[in-house]
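Undergrad: Got a predicted model here, sequence first, then my questions.
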Amino acid sequence: MLELAILGFLYDTPLHGYELRKRIAALTGHVKPVAESTLYPAIKRLEKADLLARTTEPGSVAAPRHVLTPTEDGRRELRRRLAEPGPRDISDENRWFTVLAFLRHLEDPGAQSAVLRRRLAFLEEPASFFYDGDRPLGAEELDDPFRRGILTIARATSQAELTWLRETIASLDG
């Protein structure tokens with residue numbers, strides 16, 4: 001997901017590493033802060049794969065800054081990853097938000113709709129955080145007020161997302 005976020009933010013505008021790190025942290029930092037020791041190796045991997053290009057610009061106060069931009073291959077790779085998200089990218093909420101943050105770069109409304117339909121199908125499957133054997137438990141079945149709270153909040157969030165997904169898919173499908 002880090003590479004997807006790097007390519008996605010740079011697709012919008014060229015950035016230097018510090019600014020890129022701030023933007024990624026704003027998107028995912030509440031869940032998993034982005035350390036320099038993680039970000040810069042990912043940038044190097046993308047550069048080595050010819051998905052990013054680096055230019056040097058004079059710094060306004062300090063040393064020169066390295067500005068990153070996606071290559072044409074990098075832009076294609078971003079669109080491919082958006083069109084073909086893996087199962088975890090659909091099911092894991094934080095990974096899903098990263099896909100969703102950049103889905104507009106997938107310019108075909110039909111392709112956007114196909115990705116949203118996968119998330120919709122995932123959310124429509126019966127699931128819970130708590131089970132009785134193989135049967136998912138609903139909030140009303142729990143005596144524990146804290147677990148009931150988890151399920152109540154999750155249900156409200158899922159219902160809001162289901163509504164948004166259905167409306168957005170309908171508008172994309174025209």
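TA: Thanks, I have the structure now. Residues are numbered from 1 along each chain as shown.

Undergrad: Could you list the low-confidence segments of this structure?
TA: Within the chain, the stretches with pLDDT under 70 are 29-33, 59-62.

Undergrad: ranges for the strands of it?
TA: Here the chain has its strands, by DSSP state E, at 15-16, 52-57, 65-70, 131-132, 135-136.

Undergrad: quick check: domain ranges of the chain?
TA: The record's domain split for the chain, according to automatic domain parsing, is 1-81, 108-174.

Undergrad: out of these, nearest to residue 100?
TA: Closest to residue 100 of the domains of the chain is domain 108-174 (C-beta to C-beta; 8.4 Å). (Each C-beta comes from the backbone N, C-alpha and C, glycine too.)

Undergrad: Tabulate the domains of the chain in a markdown table, adding columns for mean neighbour count and distance to residue 99.
TA: Formatted as a markdown table, the domains of the chain follow (neighbours: other C-beta atoms under 10 Å; distance: least, C-beta to C-beta, whole Å):
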| stretch | mean neighbour count | distance to residue 99 |
| --- | --- | --- |
| domain 1-81 | 16 | 7 |
| domain 108-174 | 13 | 7 |
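
Undergrad: Of those domains, which is nearest residue 87?
TA: Of all the domains of the chain, domain 108-174 sits nearest to residue 87, with 8.6 Å by C-beta to C-beta.
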